[in-house]
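1. Would you be able to build a 3D model of this:
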Amino acid sequence: NRAAGIAAAVVRGNDTLLLKGYGKADVEWNVPMPNDAVFEIGSITKQFTAAAILQLRDQGKLSLDDDITKWLPDFDTRGNKVTLRRLLDHTSGIRGITEMPEFGILSSNPRFPRDSAYALIKRYPFDFTTGDAQIYNNSAFWLLGLVVEKASGGTYEDYIEKKIFEPLGMKRSMYCNSSENVERRAHGYQVLNGQVRRASTNVHTWPFSAGSLCSTAGDLVTWLKALHGGKVLSSKSYAEMITPAKLNDGTVTRYSMGLGVGKDIRGLNFIGHGGSITGFTSEATWYPDAQ
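-> Here you go, the predicted model:
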């Protein structure tokens, strides 16, 4: 229940009700949190990855019903039919990379390239038959990043920055790079034994398309208004993006494509996603009824 610093935004329609920084962006130097501080947003990245896949579908470059082996021929599906749709809604059954014992040791070491993560994902058996269950899965969104690259002909980083951030004017959003100097970037902190301590620096080789984007509270407002205002996807793709997934037995889940959907603890309809990565926690939620 403690944080070194927070940046928060609340917008209804065109009215900004709150845009403010609280606490510290840098505890050691006593730097106040600016309202446009850049944060690592962790798994909020997933909705951008999902939007990229859906944009590429709108451009006719892929189908959500493509088998993963169309794009990654060397991926062993262990007899499962793994479509892009099943990667997007966490029902693929592929073992999550963050649940693998090797992940913690390898992911923080910059010597291990992206290929190592792919090799690790390919090694593990499936947790369940594709479509039979739903378990939150970073491997699936990691693999979707490779599909974005194959279908677009460029890097995932370039696609997100050129096709989403730039057109929407999200000037303070980027693929995280810990070695770059980024103006007004907040440091990551953790609370250990009641004390606020600087968190270790994240290496963004491995989180990739499952969790490696950086943004600000204001830019995420821009994103939510654009995504849910028809400026990012075709109406067909948007409708699919926010429709809850179904399991093979017809069970309706509370997850769609890179987004949680349903009612919050107050009973209000929401569409949103959180993010957690070492030193940072984030949340970006749209309430459609209240706009």
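2. what bridges to residue 20?
-> Applying DSSP bridges to residue 20 yields these beta-bridge partners: residue 8.
3. tally of neighbours for residue 178?
-> The number of residues packed around residue 178, counting by other CB atoms under 10 Å, is 14. Any C-beta I mention is one placed from the backbone N, CA and C, and that applies to glycine too.
4. Could you pull up the residues touching it?
-> With contacts defined as CB atoms under 8 Å, 6 or more residues apart in numbering, the neighbours of residue 178 are 201, 202, 203, 204.
5. Low-confidence ranges, the protein, go.
-> Judged by pLDDT under 70, the chain has its weakly predicted residues at 1.
6. Go again with 90.
-> For the chain, the stretches flagged by pLDDT under 90 are 1-3, 103-114, 178-180, 191-195, 205-206.
7. Give me the buried entries from the contacts of residue 178.
-> 202, 203, 204 (16 or more other CB atoms under 10 Å).
8. And these, which is closest to residue 130?
-> When the buried ones among the contacts of residue 178 are ranked by distance to residue 130 (CB to CB), residue 204 comes first, at 28.8 Å.
9. about what we covered before: pipe the buried ones among the contacts of residue 178 into JSON lines and attach secondary structure and distance to residue 223 per row.
-> Rendered in JSON lines, the data for the buried ones among the contacts of residue 178 read as follows (DSSP: H, G, I helix; E, B strand; the rest coil; distance: CB to CB, whole Å):
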{"residue": "202", "secondary structure": "coil", "distance to residue 223": "21"}
{"residue": "203", "secondary structure": "coil", "distance to residue 223": "25"}
{"residue": "204", "secondary structure": "coil", "distance to residue 223": "19"}
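10. Could I get these in JSON lines, plus columns for distance to residue 251?
-> Supplementary listing: these in JSON lines, determined by distance: CB to CB, whole Å:
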{"residue": "202", "distance to residue 251": "35"}
{"residue": "203", "distance to residue 251": "37"}
{"residue": "204", "distance to residue 251": "35"}
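11. count of residues packed around residue 63?
-> Residue neighbour count, defined by other CB under 10 Å, stands at 13 for residue 63.
12. That one contacts residue 84, doesn't it?
-> Yes. Distance between residue 63 and residue 84: 7.5 Å, which falls inside the contact criterion (CB atoms under 8 Å).
13. May I ask which helix or strand encompasses residue 144?
-> helix 138-152 (DSSP states H and E).
14. ditto for residue 119
-> Assigned by DSSP H and E, residue 119 falls in helix 114-123.
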